[in-house]
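J.: Sequence first, predicted coordinates after that:
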Amino acid sequence: MRIAIIGMGTAGVTVLKELSKSRRFQDMQIDAYDNPINMGQGVPFQNDSDQLLINLPAEQMSLNLDNKREFFDWCQAQSKFKFSNPEYLPRFVFGHYMKAFVDKINNANANVTLIKEEVAEVFIESNIGETDVLYHVCTSNDMEHCKTYDIVFLTVGTLSYHDPYQLKGKPGYIHTPYPTYHTLDNVKDTDNIAIIGTGLASLDVIRYVTEHHINLPITVASRKGELPSVRGEMPEITFQYLTPKKFNELKAENFGNVPLDDAMALFLKECAIYEIPVETLVHRKVGNPVEDLKYDLEHAEDLGKFQSILELIKENLNWIWNSFNRNDQKRFLEQYQPILKANSNPMPPRTAKLLIEHIENEQIRIYDGLENIEYNNHQFKLTYANHGDDYFDIVINATGSKTQLKDLDSDDQLVINLENRQVIQAHPLGGIQIVAETNQVISPRYGTLQNMFALGQLTNGINQSRNGVTMIVRQATGIIHRLLEN
Ligand SMILES: Cc1cc2nc3c(=O)[nH]c(=O)nc-3n(C[C@H](O)[C@H](O)[C@H](O)COP(=O)(O)OP(=O)(O)OC[C@H]3O[C@@H](n4cnc5c(N)ncnc54)[C@H](O)[C@@H]3O)c2cc1C
């Protein structure tokens, strides 16, 4: 059996790790593709500044669903990286933990080959009149560089970054904020810097730039100017009401779908068990970043319970989300997704305290109301809805990655080629069409591809908000178990 894994970050590494546990592993010829830098580490866990932290305690994140402490224990056992605060570890350490598995499996098994090149094309071989398919994976546009496979895993991670003000290519515009320790490579000490976007990527850039740039303050601007929430004390919880059983009952009464309002009523019942002041928490932001951060730090108990419920929803969002009809999915995205987003992937309290310090010491200024950016005479002009224009020498883009196929450009050439060759098709709510239960790709030309699986952010229309490590590991493990059973 010939297997290609395209992309060797969290998803690709988990696929390889799970395959290696099979009794039939030696019957498989596995080629794992990625560029030499990200091979085995992926993008979020690549080598970068040690100030970029994993957003949850190290003891709660691992590639092993049966042992949450596996990463923490690996970290304690090795001597290469030592940190004074092992609770929240730098992200790149997790990358080395993943890479250690890849190296171990690769060194011990002749049937695994790491191909340190990016894939340019994947096409399907199918004779006219027949339904059997084979997959070809190519590392260039030249068909000489193609290999044939029975099974393909498409684990390419996040799509490229948005360019909301069409600034790509302008001198002084840094389109991708990672690795953050290269953001200042071509920046002068005297340059005036703006970071656009106030999400998690923005926090990474703030941490690095405030530490290493001389001309402060840095301006951080976005439309809403809202920072992510702060991680509270998150208890372990299990759902009493939001269960597959309850959903199946509702589906039976509602033409095969769960009405969104019924699901919300169940959600509120879950919150009531923990006495969570939902309304207060949803409307807690006052628009002043310091006050908002302090509120979160001071309400760690209530907020933590709320975050635990939302995290558990995200972990189960495959069947929750796919139980809604299309109109309710759209309504969910409009009404509830912003609340879910604002309260999930919280920052560690340590980062929140640092941000408060930076704002109070005037090392950063956070502005909302950003409406437009224009480049003229070697300067970027930021226009706001609520105050005067601002001028900068450097703009660092931290606005997040694209989710829709229609927005892609040559930075995502493989995905564009896959769509053009009718291997994949866009999902109306983002990413590509897959079977929710199995992650099999649904091609517009060949139907469900039995042996092509897609995971991660590329499937965001189906796997809405399910992109954390644990959720990716769960998807990858499930796919391999089903595959090996068959
Ligand atoms: C900045 C950031 C921080 C995050 N922090 C956390 C966190 O602290 N905790 C958490 O649970 N989740 C975190 N996440 C979520 C994270 O995306 C997932 O947890 C997980 O790493 C995604 O895994 P993946 O395999 O889908 O993508 P990745 O890990 O990015 O792997 C995709 C790989 O595919 C490769 N690739 C892309 N195109 C090609 C091609 N054409 N050919 C070959 N290879 C290709 C890339 O080089 C990359 O190595 C973070 C995400 C980001 C963006």
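T.: Received, thanks.

J.: And for this structure, the residue most distant from the center?
T.: Within the chain, the residue lying farthest from the chain centre (CA atoms, centre = their mean) is Gly129, at 40.1 Å.

J.: residues near Thr155, how many?
T.: By the measure other CB atoms under 10 Å, the count of residues near Thr155 is 29. C-betas here are computed from N, CA, C, even on glycine.

J.: and stretch 309-329, anywhere near the ligand?
T.: No - Stretch 309-329 lies out of reach of the ligand by CB under 6 Å from any ligand atom, never closer than 10.0 Å.

J.: one step back: got the contact list for the residue farthest from the centre of the chain?
T.: By CB atoms under 8 Å, 6 or more residues apart in numbering, the contact set of Gly129 is empty.

J.: Could you check how far it is from Tyr88?
T.: Noted for Gly129: a distance of 58 Å to Tyr88, by CB to CB, to the nearest Å.

J.: quick one: Asn377 and the ligand, what's the gap?
T.: The spacing between Asn377 and the ligand, counted by CB to the nearest ligand atom, to the nearest Å, is 33 Å.

J.: next one: Glu59
T.: Distance of Glu59 to the ligand, computed by CB to the nearest ligand atom: 13 Å.

J.: give me the element the closest residue to that residue other than its chain neighbours is part of.
T.: Excluding its sequence neighbours, the residue lying closest to Glu59 (CB to CB, 6 or more residues apart in numbering) is Phe72, at 4.5 Å. Phe72 is part of helix 70-77 when elements are defined by DSSP states H and E.

J.: what do you get for His387?
T.: For His387, there is no host helix or strand (DSSP H and E).

J.: I figured it hits Glu371, correct?
T.: No - using CB atoms under 8 Å, His387 is not in contact with Glu371, being 10.9 Å away.

J.: how near is Asp191 to the ligand?
T.: The gap separating Asp191 from the ligand is 24 Å, by CB to the nearest ligand atom.

J.: contacting residues for that residue?
T.: Gly172, His213, Asn215, Asp393, Ile394.

J.: quick one: which of the residues you listed is most hemmed in?
T.: With neighbours taken as other CB under 10 Å, the top of the contacts of Asp191 is Ile394, carrying 24 neighbours.

J.: Just give me the neighbour total for the nearest residue to Ala476 once chain neighbours are set aside.
T.: Among residues not flanking Ala476 along the chain, Thr14 sits closest, at 3.8 Å (CB to CB, 6+ apart). Thr14 has 28 neighbours, counted by other CB under 10 Å.

J.: Thr113 touches Asp31, doesn't it?
T.: Yes - between Thr113 and Asp31 there is a contact at 5.0 Å, judged by CB under 8 Å.

J.: re earlier: so for the residue nearest to Ala476, what pLDDT did the model give?
T.: Confidence at Thr14, expressed as pLDDT, is 98.

J.: coming back round to it: between Thr113 and Asp31, point out the one with more neighbours.
T.: Legend: neighbour count by other CB under 10 Å for Thr113 and Asp31, higher for Asp31 (17 against 13).

J.: Isn't that one up against Lys147?
T.: Yes - between Asp31 and Lys147 a contact is recorded at 6.6 Å, counting by CB under 8 Å.

J.: Please give me every residue in contact with the residue lying closest to Tyr367 once chain neighbours are set aside.
T.: Among residues not flanking Tyr367 along the chain, Ala221 sits closest, at 4.5 Å (CB to CB, 6+ apart). Neighbouring residues of Ala221 by CB under 8 Å, 6+ apart: Ala194, Ile195, Ile196, Thr198, Ile366, Tyr367, Asp368, Leu370, Leu382, Tyr384, Asp390.

J.: for the second one, helix, strand, or coil?
T.: Under DSSP: H, G, I helix; E, B strand; the rest coil, Ile195 falls in the strand class.

J.: List phi and psi for Leu382.
T.: phi -100, psi 130 (degrees, to the nearest 10).

J.: Surely it touches Asp389?
T.: Yes - with contact defined as CB under 8 Å, Leu382 counts as touching Asp389 (6.5 Å).

J.: Which of the two has more residues huddled nearby?
T.: Each of Leu382 and Asp389 has its neighbours counted (other CB under 10 Å); Leu382 has more, 22 against 10.

J.: Just want to check the distance between the more buried one and His145.
T.: Distance from Leu382 to His145, by CB to CB: 44 Å.

J.: ditto for Met28
T.: Met28 sits 22 Å away from His145, taking CB to CB as the criterion.

J.: Counting neighbours around each, name which of these two comes out higher.
T.: Between Met28 and His145, Met28 has the larger neighbour count (other CB under 10 Å), namely 17 against 14.

J.: Against Thr158, how distant is Lys168?
T.: 17 Å.

J.: list the buried ones in stretch 206-225?
T.: Of all the residues in stretch 206-225, those buried under the rule 16 or more other CB atoms under 10 Å are 206-210, 213, 217-223, 225.

J.: Doesn't Leu114 belong to a strand?
T.: Yes - assigned with three-state DSSP, Leu114 falls within a strand.

J.: so how many other residues sit close to it?
T.: Neighbours around Leu114, by other CB under 10 Å: 20.

J.: Could I get the full set of strands for the stretch 201-350 of the chain?
T.: 218-221 (DSSP state E, counting those that start in this stretch).

J.: quick one, what contacts the residue in it that the ligand sits nearest to?
T.: Per CB to the nearest ligand atom, Ala201 is where the stretch 201-350 of the chain lies closest to the ligand, at 5.4 Å. Ala201 makes contact with Pro177, Tyr178, Ala398, Gly400 under the criterion CB under 8 Å, 6+ apart.

J.: one step back: so which of the contacts of Ala221 wins on neighbours?
T.: Most crowded among these, counting by other CB under 10 Å, is Ile195 at 29 neighbours.

J.: got the contact list for the closest residue to the ligand within the stretch 101-250 of the chain?
T.: Across the stretch 101-250 of the chain, no residue is closer to the ligand than Gly157, which sits at 2.7 Å (CB to the nearest ligand atom). Neighbouring residues of Gly157 by CB under 8 Å, 6+ apart: Gly7, Gly9, Ala11, Gly42, Val43, Gly456, Gln457, Leu458.

J.: out of the residues you listed, which is most surrounded?
T.: Ala11 (30 neighbours).

J.: Wait, that one touches Ile472, no?
T.: Yes - between Ala11 and Ile472 there is a contact at 5.0 Å, judged by CB under 8 Å.

J.: Show me where the stretch 51-200 of the chain has its helices.
T.: Using DSSP state H, counting those that start in this stretch, the helices of the stretch 51-200 of the chain run over 70-77, 91-108, 200-212.
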